[in-house]
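Novice: I'd like to go over a predicted model; first the sequence, then the structure.
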Amino acid sequence: MIKLNTKKLQQKDTFLLSITMRSMFEFFANPGGLFLTSYMLFLGLMDYQIGYVVGFIALTNVLQLFSPMFYEKFKSPKRMTLVARSLRFVIFYFMMLLPWFQSYRYVILLFIIFSSLSFTAFMGGTFLAWNDQIIPLERKGRYYATRNLIANAIGILLPIILGKILDHYVHTSGLFMIIFCVSIVFALGELWIITKLHDHPLETKSNRPLNKLLVMPLKDKKYRRFMIFSLLWMFAWSFARPFFNVYAISHLRLSYSYIALVSSITAIVKLLLAKLWGAGVDHYGWKKIMGYTGLLFAVSHFLWLFIALETHVIYFIFIFLNGIFMIGLNIAKFNVNLQLTDHAYRLSYLAVNAAIMAVFSFVSTNISTMIIRGINQEWTLWSLDIFQVLFAIAGLLYLLAIFYIMRRKW
């Protein structure tokens, strides 16, 4: 273990400020988020094409396999983070030119998003490991709950503002350009704050051949179990989650303001519960918190079976409950991942886990996308449309993942 000193510990607030700027930027840059979903619909993409975008970019995480090797070249988490984030931003903003491309717009969009996110993947777990080594073990639950709290605080204000803008102004290239320019402020803010962080090398042993790095996590019995759970969970997540906003906007015809209001109310409650869930993980252990929250999170997906335009209040209930349980599970999942990789090979473990999950995410999203594309949109099963059926199947897949991890000894 790395010995802590007061200087490092004082840096935690600067890390949190950097994470705040990043969360604000990623709110606009998330391919499945409200902004980019509306932008892709404005550009003329079909539902299934948006699904392919989200599924294809998941493959960028395969590149995390090379992040330990890149770190060995940089020997500095600060320099590596600055380079990776800068390239992420520069490539992402080429997306602003797409309204003026009439041909190959979909292909160019896919290339820009994939290339931009690739540099986040190359950074891998470097920033997380850099941040984590200054936090004492007994305070990790609360600290990472605070990180989640920040993300949810941002999720309160920005969706309401964006929803109002998208509802009350005609969707034009000019409108989207203004929103892109606002997000640039957050990108530059993140880079400036990173320059204020103290650079200190990570304790790593990543200078091994790629085949050795691939095998190490698989031979670790406990981490192998965690990886299997993560794969099952990611498969379920990628099977349905990319289509939530698409379905709400295009099929339920919900307004951007309503979607944003529901998101913000949920974020407020998540904000209030984040520290409680974090303290629960510290006190009761990650397994108990993960079990309860994961089970309820999975069951909440069956509410989609009752959601229609005339029963949109159920949409609110689903997003509300889903968010409450998701944050508890994410805090528990985040903590166990760090606990099981509390050694010099952390970057390699995190990279292999992320890479394998990326493949499963890609396969899962493409399966659901092909189903949506291949089945007539008028098709129903007991009055349920294809999206509702897929969302319910995702609930069953989540239950499978939770039953798996809860039945294993740790």
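Specialist: Perfect, I can see it now. Numbering: from 1, shown residues only.
Novice: Around the closest residue to residue 398 other than its chain neighbours, count how many other residues there are.
Specialist: Of all residues not flanking residue 398 in the chain, residue 298 sits nearest, at 3.4 Å (C-beta to C-beta, 6 or more residues apart in numbering). To be clear about C-beta, it is placed using only N, CA and C from the backbone, and glycine gets the same treatment. Applying other C-beta atoms under 10 Å, we find 24 residues neighbouring residue 298.
Novice: what's the pLDDT at residue 298?
Specialist: If you check residue 298, the pLDDT there is 95.
Novice: Help me confirm that it comes into contact with residue 393.
Specialist: No: taking contacts as C-beta atoms under 8 Å, residue 298 lies outside contact range of residue 393: 11.4 Å.
Novice: I figured residue 152 hits residue 274, correct?
Specialist: Yes: with contact defined as C-beta under 8 Å, residue 152 reaches residue 274; the gap is 6.4 Å.
Novice: what residues are shared contacts of those two?
Specialist: Counting by C-beta atoms under 8 Å, 6 or more residues apart in numbering, the residues touching both residue 152 and residue 274 are residue 327.
Novice: higher neighbour count, those two?
Specialist: residue 274 (25 against 22).
Novice: What are the phi and psi values at that one?
Specialist: phi -60, psi -50 (degrees, to the nearest 10).
Novice: same deal with residue 385?
Specialist: Torsion angles, degrees, to the nearest 10, at residue 385: phi -80, psi 180.
Novice: any idea of the pLDDT on it?
Specialist: What the model reports as pLDDT for residue 385 is 85.
Novice: State the distance from the residue lying closest to residue 381 once chain neighbours are set aside to residue 161.
Specialist: Once flanking residues are discounted, residue 381 sits nearest to residue 389: 5.7 Å by C-beta to C-beta, 6+ apart. Going from residue 389 to residue 161 by C-beta to C-beta, to the nearest Å gives 34 Å.
Novice: Compare the two and say which is more crowded by neighbours.
Specialist: residue 389 (18 against 13).
Novice: In terms of helices and strands, where is the more buried one?
Specialist: helix 386-406 (DSSP states H and E).
Novice: what packs against that helix?
Specialist: Where contact means 3 or more C-beta pairs under 8 Å, 6 or more residues apart in numbering; DSSP states H and E, helix 386-406 is packed against helix 221-240, helix 286-300, helix 346-374.
Novice: now it: how far from the chain's centre is it?
Specialist: 18 Å (C-alpha atoms, centre = their mean, to the nearest Å).
Novice: Could you do stretch 183-191 as well?
Specialist: For stretch 183-191, the distance to the chain centre is 19 Å (C-alpha atoms, centre = their mean).
Novice: swap in stretch 155-163?
Specialist: The answer for stretch 155-163 is 18 Å, by C-alpha atoms, centre = their mean.
Novice: Would you mark the buried spots in it?
Specialist: For stretch 155-163, a neighbour-count test (16 or more other C-beta atoms under 10 Å) marks 155-156, 158-160, 162-163 as buried.
Novice: what's the answer for stretch 391-401, then?
Specialist: 391-395, 397-399, 401.
Novice: Any chance of CSV for those residues, columns pLDDT?
Specialist: Written out in CSV, the entries for the buried residues of stretch 391-401 read as follows (pLDDT from 0 to 100):
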residue, pLDDT
391, 93
392, 93
393, 95
394, 95
395, 95
397, 96
398, 96
399, 96
401, 94
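Novice: where along the stretch 1-150 of the chain do the strands fall?
Specialist: In order along the chain, the stretch 1-150 of the chain carries no strands (DSSP state E, counting those that start in this stretch).
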